[in-house]
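>>> Got a sequence here, can you build the structure:
(2 chains)
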Amino acid sequence: MTRLVMGPFSRVEGDLEVRLDVEDGQVAAAFVTAPLYRGFEQILRGRPPMDALVIAPRVCGICSVAQSAAAARALGAAMGLQPPLNGRFAADLIQSCENAVDHLTHFTLFFMPDFARPAYAGRPWHDEAVQRFAAMKGQSGRAATAARARMLHVVGILAGKWPHSLALQPGGTTKSIDMGERMRLLAVLAEFRAFLEHQIFADRLERVAALASAEALHGWAAEQPPQAGDFRLFLHIAEDLRLDQWGRGPQRFLSHGGPLGGAGMWRQGVVEPLDLSALREDVSHAWMTGAAVHPDHGLTLPDADKPDAYSWCKAPRLGGETAEVGALARQLIAGHPLVRDLVALSDGRGNVRDRVIARILELALLVPAMEGWVRGIGIDGPYCLNGVMPDNAYGVGLVEAARGSLGHWLSVEDGRIANYQIVSPTTWNFSPRDGQGNPGPLEQALVGVPVVEGDDMPLMVQHIVRSFDPCLNCTVH
Amino acid sequence: MITTDTKSITAVWVQAASCGGCTMSALGAEPGGLVEALERAGIELLWHPSLSEDGGAAVLDLLEDCRNGVRAFDVLCVEGAVLQGPNGSGRFHILAGSGRPMARWVADLARQARFVVAAGSCAPYGSIPSPGGPTEATGLQFCGEDVGGVLGEGWRSRGGMPVINVAGCAPHPGWLIETLMALAQGLLGPQDLDDFGRPRFWANHLAHHGCARNEYYEFKASAAEHSQLGCLMENLGCMATQAAGDCNLRVWNGSGGSCTNAGYACVNCTSPGFEEPGSPFLETAKFAGIPVGLPVDMPKAWFVALSALSKSATPDRVRKNARQNRVVIPPRRRPRP
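Just a heads-up that it's a prediction; the model follows:
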């Protein structure tokens, strides 16, 4: 057996190390290390509860709005507040904008550049991949970066800036828009739609969103040559490299639900109601003291010298089991027929190709939904309700960040934060082993991948890692 | 493509204990995004963790050559606080694949760079991971308001500059791009930085300058609750009259973006210690009904007197609109003669 230590990874959010035990030319076991600890849960403790609106989003500069939304919801639950309709539309717009630009950034700047690497020279699609996706040079990457910046004007109008806004409050949002701002939102969305329909899909968003089976997707891809749209090029590459065969996750998916679909746990082909009372954060292989407990009782106390520990990431388990989170889980549980079919054809598991398809599909779903919400915002009516935080209170904020399920668990005692625990998407996907020795989803997905001796960063391992759209910043709060 | 005549300079970007938000903000530089903005600025990125193709040994070799002086480079950009804990070991952040604490990488690389740019509020001052917090976080040349940090008070880069603090959580992409551009052009010197190491071209302004709520401020017509139109200073914790930044002169994320325009307080995120205001964010700390945090260069008695005077002169329109979430009383027109 040989041991391979991979890191640092470029084009993942935050710092990541992966150790591989290689036997007979393939991965026998993988160990995922989040090598940074920042201590947010300790920093939040003892503060005035509303300070969470400032501090918690700074867990992550990539899913900052998602962290904001989770904090606002946890505080709102503790205060018994529900945002009014305008505030809900505005919050959904702000968060969906972040999710959309995160998906686009992941696809064009983080995931696709690997196919432009010299190792793939000679593949029929390689020249096209280089021209479009070569890191920092590719034309699609550049066009997407420009489109992303323009799309973030949605957040500029509704939330002042991105990242790290305070517009999302427990009782709604802080910005009431006028007719002109509403029209500007529609114009920004129209521009982003035009970019997607030209550059990514070479087709109408509604046609892509309506693809209802793997066969329909295959037929759609074959309608035009592979270079007609970045998504079609990806499907072509995925077929050539058999990306649907690699990076298989657990047969369990989890979603907190959001404006595009409901919450649930998918297990063996069935959606079950989401019951987070069985959630435990196991710390047996994390550099943390304590036992496997529910976030209500979580502590997050570091112990850098703990034997057998290898990550600052805890291991969330629901009923003792791992689960995969992300766009694939979200659309699977929401019941999108294409995603249901893809997962069924993949033995009930996620894979590299399908995770990417689900994200791109969400781009096609999000923009029309956002257009509808802008039209739904009333010219009159409140955006934000006010309330009082009781001296002793409890609240949970569950949202879906671009890369999956995010939860904040808040307890307030004597007017101060008594406990604040965060379970973020990559904590689920990139968790270390638990007390029973069960590997986390990525650790499981890497087993069996071929590794050529002397290759210090095997590309298929990198594809699998990036297919989860990891955000280690969130993970290592 | 527009490029400057200046020969391009090289930059290495590293992320210490960061949220990644400085990179994400910079990526949205307009027009065209970060990579094109850097090209126009004459900056060649040797490595950026979020954008570069390579990882693994290729990067570690590059960083190793840079820190040993084998590979010359011009600018080190650091994002995120430097973690010195536990117990000074730096083990709260070991750079992946290297086995070495990021604190040592940063210190070594800084000594070889011609210029060191600390992006955000964490790399300059420690900030969000909280100096005095659980991770022994610090900034590069400050720890909170205290000069020192990783590199020490008297430290100067090979180019003769202290650490250049492009502060802000997250900083405006323009602050960063224009700072790098000025370095590439050889135009930024020590005299162009303020006491906290921030480039004066943006830090000599206040976030208050150009605030769209100016009329409400002038008449002390204040919002009582979020989403109302009035001034945010008296009740909702806005510190824009004390905060360094041209936030309302150059806007954020398109036309009209800024914290105050979006209806919430400036939390003074460009200043060291912003993360510990000593009282709740989004509430104005008051003593005897008067905000504690008044503009620092104005006699308090005058501020109170002028406030009383302007409150007594507040037009009904301004007073009423201040407590609404949209204009209910439009400005009156002068009657036709």
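>>> Which strands or helices does the longest helix seen in chain A pack on?
Ranked by residue count, the top helix of chain A under DSSP state H comes out as helix A:352-376. Secondary-structure packing of helix A:352-376 (3 or more C-beta pairs under 8 Å, 6 or more residues apart in numbering or on different chains; DSSP states H and E): helix A:85-105, helix A:179-195, helix A:205-209, helix A:230-241, helix A:327-334, helix A:337-345, helix A:459-467. From N, CA and C alone the C-beta is placed, and that goes for glycine too.
>>> Doesn't B:Asn165 lie inside a strand?
Yes. With DSSP: H, G, I helix; E, B strand; the rest coil as the criterion, B:Asn165 is assigned to a strand.
>>> Which of the three states applies to B:Leu45?
strand.
>>> is it true that it touches B:Leu51?
Yes. Between B:Leu45 and B:Leu51 a contact is recorded at 6.8 Å, counting by C-beta atoms under 8 Å.
>>> Find residues that contact each of these two.
Shared between the contact lists of B:Leu45 and B:Leu51 (criterion: C-beta atoms under 8 Å, 6 or more residues apart in numbering or on different chains) are residues A:136, B:35.
>>> Residue most distant from the centroid, chain A?
Most distant residue from the mean C-alpha position of chain A: A:Asp414, 34.6 Å away (C-alpha atoms, centre = their mean).
>>> out of everything not next to it in sequence, what's closest to that residue?
Among residues not flanking A:Asp414 along the chain, A:Asp391 sits closest, at 5.8 Å (C-beta to C-beta, 6 or more residues apart in numbering or on different chains).
>>> how about that neighbour, what does it touch?
Counted by C-beta under 8 Å, 6+ apart, A:Asp391 has contacts A:412-415.
>>> Now do the same for the nearest residue to A:Ala214 once chain neighbours are set aside: its pLDDT.
Nearest non-adjacent residue to A:Ala214, counting by C-beta to C-beta, 6+ apart: A:Asp341, 4.9 Å away. Looking at A:Asp341, its pLDDT reads 98.
>>> can you pick the most crowded of the contacts of A:Asp391?
Counting neighbours by other C-beta atoms under 10 Å in any protein chain shown, A:Val412 leads those with 24 neighbours.
>>> Output the contacting helices and strands for whichever strand or helix holds it.
For A:Val412, the host element (DSSP states H and E) is strand A:404-413. Under the contact criterion of 3+ C-beta pairs under 8 Å, 6+ apart, strand A:404-413 touches helix A:64-79, strand A:252-255, helix A:327-334, strand A:393-401, strand A:416-423, helix A:425-429.
>>> pLDDT weak spots in the chain?
No chain in the question, so chain A it is. Within chain A, not a single segment meets pLDDT under 70.
>>> if you could check chain B rather than the one you did, that'd help
Using pLDDT under 70, the flagged stretches of chain B are B:1-7.
>>> so where's the longest strand in it?
strand B:9-15 (DSSP state E).
>>> That strand near chain A at all?
Yes. Counting by C-beta under 8 Å from any C-beta of the partner chain, contacts between strand B:9-15 and chain A involve B:Gln15.
>>> And that strand, what does it pack against?
strand B:43-47, helix B:56-67, strand B:75-79, helix B:102-112, helix B:173-184.
>>> Put the alpha carbons of it into PDB.
The C-alpha atoms that make up strand B:9-15 are tabulated as PDB, following Å, rounded to 0.1, in the frame of the first residue of the first chain:
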ATOM      1  CA  ILE B   9       4.000  42.900 -12.100                       C
ATOM      2  CA  THR B  10       3.400  39.500 -10.600                       C
ATOM      3  CA  ALA B  11       1.300  38.500  -7.600                       C
ATOM      4  CA  VAL B  12       0.800  35.500  -5.400                       C
ATOM      5  CA  TRP B  13      -2.500  35.300  -3.600                       C
ATOM      6  CA  VAL B  14      -2.900  33.100  -0.500                       C
ATOM      7  CA  GLN B  15      -5.900  32.500   1.700                       C
END
